[in-house]
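*Asks:* For reference, the sequence and a predicted model appear below.
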Amino acid sequence: MSTEVEVKRLYWHSRRGMWELDQLLVPFVEEQYLKLDEADRERYRALLDCEDQDIFAWCMLRSEPDNPDLKRIVELVLEHAKPK
């Protein structure tokens, strides 16, 4: 799969229908995904397979993923979302 097609597919998977998650995930996939190494890209794809309520709780720092790979990608997403 070409990276352009992959990013387009991930863009649509990143749109969760929950405003708060869309504000975090869509800019991340548009601006950061191609800059990630393959391991972090895999982590992001795994994050998108999680339930919305779990992703929301992790991104709002109400809980943390048990999986260290998911914890890392959530941290990257939140770091990207910080005001520059």
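*Replies:* Nice, thanks for sending it over. Quick caveat: nothing in here was measured; it's all calculated off a predicted structure.

*Asks:* packing partners for the helix or strand of the chain with the lowest mean pLDDT?
*Replies:* When the helices and strands of the chain are compared on mean pLDDT, DSSP states H and E, helix 3-14 comes out lowest with a mean of 91. The contact analysis (3 or more C-beta pairs under 8 Å, 6 or more residues apart in numbering; DSSP states H and E) places helix 3-14 against helix 19-31, helix 38-48. (C-beta placed from N, C-alpha, C; glycine too.)

*Asks:* can you list those in CSV and add distance to Ile55 and mean pLDDT?
*Replies:* Formatted as CSV, those follow (distance: least, C-beta to C-beta, whole Å; pLDDT from 0 to 100):
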stretch, distance to Ile55, mean pLDDT
helix 19-31, 6, 96
helix 38-48, 7, 97
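
*Asks:* And for the residue nearest to Asn67 when sequence neighbours are not counted, the neighbour number?
*Replies:* The spatial neighbour of Asn67 that comes closest, neighbours along the chain excluded (C-beta to C-beta, 6 or more residues apart in numbering), is Ala46 at 8.0 Å. Number of residues near Ala46 (other C-beta atoms under 10 Å) recorded here: 14.

*Asks:* Can you verify my assumption that Ala46 contacts Leu70?
*Replies:* Yes. Under the criterion of C-beta atoms under 8 Å, Ala46 lies in contact with Leu70, with a separation of 6.5 Å.

*Asks:* Which pLDDT value belongs to Lys82?
*Replies:* At Lys82, the predicted lDDT confidence score is 94.

*Asks:* residues in contact with Asp52?
*Replies:* Contacts were defined as C-beta atoms under 8 Å, 6 or more residues apart in numbering; by that measure Asp52 touches 16-18, 21.

*Asks:* please redo it, this time with the cut-off set to 7 Å
*Replies:* 16, 18, 21 (C-beta atoms under 7 Å, 6 or more residues apart in numbering).

*Asks:* Output the residues you listed as CSV; include the columns neighbour count and distance to Gln53.
*Replies:* As requested, the contacts of Asp52 are exported to CSV (neighbours: other C-beta atoms under 10 Å; distance: C-beta to C-beta, whole Å):
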residue, neighbour count, distance to Gln53
Arg16, 16, 10
Met18, 15, 9
Leu21, 19, 10
